[in-house]
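In: Structural data only, the sequence is not supplied:
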């Protein structure tokens, strides 16, 4: 579905991505794990057209995404849950959800998706008239995910959805990611919480300083001693 | 001072304040979305009066066709200024855009001088609006009543547009977070252009009524009202539309009352706005309705 080939991205001469390639298969959950500054967010931002690469290709269902403008991606049903949620604080919860469906005209289907989002996150229904800025951090994260779902994405990219959330909420968010995936949405997930991400991922890529150093199924990577030592906080066991 | 005389001053102040409010909204909307003071705004207002002059005097188009035409043309001019002076500098440092704004302002002023001459022209105000009516012992131009009415209708339309339509929602979203707005599928260039068009449209509404109230137009007539309305926007809290309206009325009513109650300070009429600006900047820099905003990095 999404193919990234030899992607090189530089910020003012410093290479943030040094030629990465990865493949996101339709219907799967793919995760990128790695430390801060490994280039995970840059990868997603480049796919979204928010950062211009030096070289490389990004193909979505065979279409060259680097030729598309950011605002056109929503029409291709690609969306991003940005790092730090980035909800619109002075719009109501309902308006935030509506803006997720900005490119869509099918009012009937929009209503159905609203019901779907409310069934995933009942709290958003209760708060639909509140300004989004008044929500708690966890609620804002739910809103950011709900907003992304309102575009009816085929490919949903998420940048650190668990960041800053209480452990119980982290569990809840991962459960919901899995549920969204089961409804047919392909997910590209970035996480520092490598353990939780690899648990639900069909395939994982490990990034270090702008390179992909390891890849495999979620289970393989969870069992990999290097991954365990570096990202899962477990002792190397031979 | 007699009560009816006071009422006359008050109605004058309200109509001047209405005009300030209409123009101030343009500053505040553009600031809200681009964090930029559109210094050409006062000159766009000036151009509106010239459009009306040419429509009615040169081309003999009846006023009821000319005025709507002026609104459309002025909105187009605003969009044109944005596309040529600001859009190419979207990624440039703030100071470059500011310089470009000042440049756009000078360009419009001098273009008007070259094309239409620096000699003031009489604004062709339809008699319907400039007729004088007798209220008790005071005589008031009909215009003085029409201006606030037109302003209120314009404001209601604006509030509806911004709060109840998809375009308005996009404007608000872009003003909060451009990058995320793009991810949501909003074309920010279109949204910004629309904002300029809308602001210029309101400036044209103000310009037409200004021309009828002060029926002499000249290429630099936008400078002082432009500055004052910018001040009105700052007083109300720049970026806040309600604030711009409040600021406009404070300035308009204050100015008229100053002249009415302290006639020997009449010469300081224009200074009043600037003194108010200094006081606001000293004691409440965010303006009346402004909120503290953390500077985004």
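Out: Alright, I've got the coordinates. Treat the numbers as computed from the prediction; the structure is a model and nothing was measured. Numbering: from 1, shown residues only, chains lettered A, B, ... in the order given.
In: buried ones in the host helix or strand of residue B:7?
Out: Secondary structure assignment for residue B:7, by DSSP states H and E: helix B:3-34. Neighbour-count burial for helix B:3-34 flags B:8-9, B:11-34 (criterion: 16 or more other C-beta atoms under 10 Å in any protein chain shown). C-beta: built from backbone N, CA, C; applies to glycine.
In: Please state the backbone phi and psi of the closest residue to chain A within chain B?
Out: Using C-beta to the nearest C-beta, residue B:185 is the residue of chain B that sits closest to chain A, at 2.9 Å. Main-chain torsions, residue B:185, degrees, to the nearest 10: phi 100, psi 10.
In: re earlier: could I get the average pLDDT for the helix holding residue B:7?
Out: Per-region confidence: helix B:3-34 scores 93 on mean pLDDT.
In: and that helix, what does it pack onto?
Out: helix B:41-53, strand B:138-141, helix B:142-164, helix B:166-176, helix B:188-213, helix B:223-236, helix B:241-261 (3 or more C-beta pairs under 8 Å, 6 or more residues apart in numbering or on different chains; DSSP states H and E).
In: wait, which of the ones you listed is closest to residue B:95?
Out: Shortest separation from residue B:95 across the helices and strands packed on helix B:3-34 is recorded for helix B:223-236, at 17.8 Å, computed as C-beta to C-beta.
In: Spell out which helix or strand contains residue A:196, please.
Out: If you go by DSSP H and E, residue A:196 is part of helix A:194-200.
In: Just give me how far that helix sits from the chain centre.
Out: Mean C-alpha position of helix A:194-200 versus that of the full chain (C-alpha atoms, centre = their mean, to the nearest Å) differs by 14 Å.
In: How about stretch A:65-77?
Out: Centroid displacement of stretch A:65-77 relative to its chain, using C-alpha atoms, centre = their mean, is 16 Å.
In: ok, and for that stretch, which residues are buried?
Out: Buried residues in stretch A:65-77, counted by 16+ other C-beta under 10 Å: A:65, A:68, A:70, A:71, A:72, A:73, A:74, A:76, A:77.
In: close to chain B, is that stretch?
Out: Yes - for stretch A:65-77, a contact with chain B is found by C-beta under 8 Å from any C-beta of the partner chain, at A:69, A:70, A:71, A:72, A:73, A:74, A:75.
In: ok so, going back, want to try JSON lines for the helices and strands packed on helix B:3-34, with mean neighbour count and mean pLDDT as columns?
Out: Converted to JSON lines, the helices and strands packed on helix B:3-34 look like this (neighbours: other C-beta atoms under 10 Å in any protein chain shown; pLDDT from 0 to 100):
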{"stretch": "helix B:41-53", "mean neighbour count": "27", "mean pLDDT": "97"}
{"stretch": "strand B:138-141", "mean neighbour count": "15", "mean pLDDT": "83"}
{"stretch": "helix B:142-164", "mean neighbour count": "16", "mean pLDDT": "95"}
{"stretch": "helix B:166-176", "mean neighbour count": "20", "mean pLDDT": "96"}
{"stretch": "helix B:188-213", "mean neighbour count": "25", "mean pLDDT": "97"}
{"stretch": "helix B:223-236", "mean neighbour count": "25", "mean pLDDT": "96"}
{"stretch": "helix B:241-261", "mean neighbour count": "22", "mean pLDDT": "95"}
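In: As JSON lines, those with distance to residue B:88 would be great.
Out: What follows is these, written out as JSON lines (distance: least, C-beta to C-beta, whole Å):
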{"stretch": "helix B:41-53", "distance to residue B:88": "19"}
{"stretch": "strand B:138-141", "distance to residue B:88": "44"}
{"stretch": "helix B:142-164", "distance to residue B:88": "27"}
{"stretch": "helix B:166-176", "distance to residue B:88": "18"}
{"stretch": "helix B:188-213", "distance to residue B:88": "11"}
{"stretch": "helix B:223-236", "distance to residue B:88": "23"}
{"stretch": "helix B:241-261", "distance to residue B:88": "27"}
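In: right, and the helix or strand after the helix or strand containing residue B:108?
Out: Element membership of residue B:108, judged by DSSP H and E, is helix B:94-116. Going down the chain from helix B:94-116, the next helix or strand is strand B:121-122, by DSSP H and E.
In: Cool, thanks, signing off.
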